[in-house]
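Chemist: Build me a model from this:
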Amino acid sequence: MLHMEIIQERLEREFNQTVITTVPNVGFIAYDNKGTKLIVNNPSEMPDPTKMDRIEEPWIRAQIITKPDYIGNIMTLCLGKRGILLNQSYLTTTRVELMFELPLTEIVFDFYDKLKSQTRGYASFDYTPIGFRESDIVKMDILLNAEKVDALSALIHRSRAHDFGRKLCEKLKELLPRQQFLIAIQAAIGAKIVARRTSPPCGKT
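Modeler: Below you'll find the predicted structure:
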């Protein structure tokens with residue numbers, strides 16, 4: 001995340017290029033109503049929900065070793081990422097091992113940085129894939145004045161859609177250059193709008 005921010009700042013400062021980073025995606029497995037298996041690596045490959053039977057997302061088993069002082073912080077972080085606690089054991093009086101099962105989609109973006117922040121750097125993190133599980137994954141689209149922006153689409157768990165959509169719309173409102181006309185920024189799942197922000201037109205000069 002730090003390296004990404006440095007590169008983004010240099011692009012903006014040296015080349016006057018505003019950069020919008022998109023959400024990282026993992027590979028999903030979708031099954032249509034006929035039982036055909038489809039590999040979904042990005043939002044554009046997501047099949048029509050009306051023709052889809054189910055979708056599965058990858059899960060991992062995570063091992064976190066830290067100091068006992070940070071157990072509560074790690075529990076809050078992992079459970080907030082849809083994690084399942086498997087085991088907690090003390091390796092020594094000053095080291096504890098926590099084992100979780102977590103969806104890979106929840107850790108690919110900012111999990112490691114948040115873990116280091118919550119533990120002041122006193123945590124190690126390792127994981128192994130454990131297969132795919134059925135999940136309520138949906139495609140969230142971003143619309144600017146009702147026009148879909150494919151580059152900003154994301155595959156996300158339904159329970160995260162409203163919060164993520166709201167944050168993304170707010171960020172886009174800050175980043176998009178003001179125009180002579182109003183810009184409606186919307187996050188949508190299918191035909192349902194889950195978040196909306198408006199970028200007002202710039203004033204007359």
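
Chemist: quick one: the lengthiest helix in the chain to chain centroid distance?
Modeler: Once the chain is assigned using DSSP state H, the helix that runs over the most residues is helix 158-175. Chain-centre distance of helix 158-175: 11 Å, with CA atoms, centre = their mean, to the nearest Å.

Chemist: Against which helices or strands is it packed?
Modeler: Applying 3 or more CB pairs under 8 Å, 6 or more residues apart in numbering; DSSP states H and E, we find helix 158-175 packed against strand 137-144, strand 183-189, strand 192-199. C-beta: built from backbone N, CA, C; applies to glycine.

Chemist: Give the next helix or strand downstream of the first one.
Modeler: This points to strand 137-144. For strand 137-144, the following helix or strand on the C-terminal side (DSSP states H and E) is strand 147-148.

Chemist: what sits up against that following strand?
Modeler: If you take CB atoms under 8 Å, 6 or more residues apart in numbering as the criterion, strand 147-148 is touched by 141-142.

Chemist: One more: stretch 126-141?
Modeler: Outside stretch 126-141, the residues touching it (CB under 8 Å, 6+ apart) are 28-29, 43, 46, 49, 54-63, 101-105, 107, 148-149, 152-159, 161, 164-165, 187-190, 194.

Chemist: Filter the residues you listed down to the buried ones.
Modeler: Burial by neighbour count, 16 or more other CB atoms under 10 Å: within the contacts of stretch 126-141 this picks out 28, 43, 46, 55-63, 101-105, 107, 152-157, 161, 164-165, 187-189, 194.
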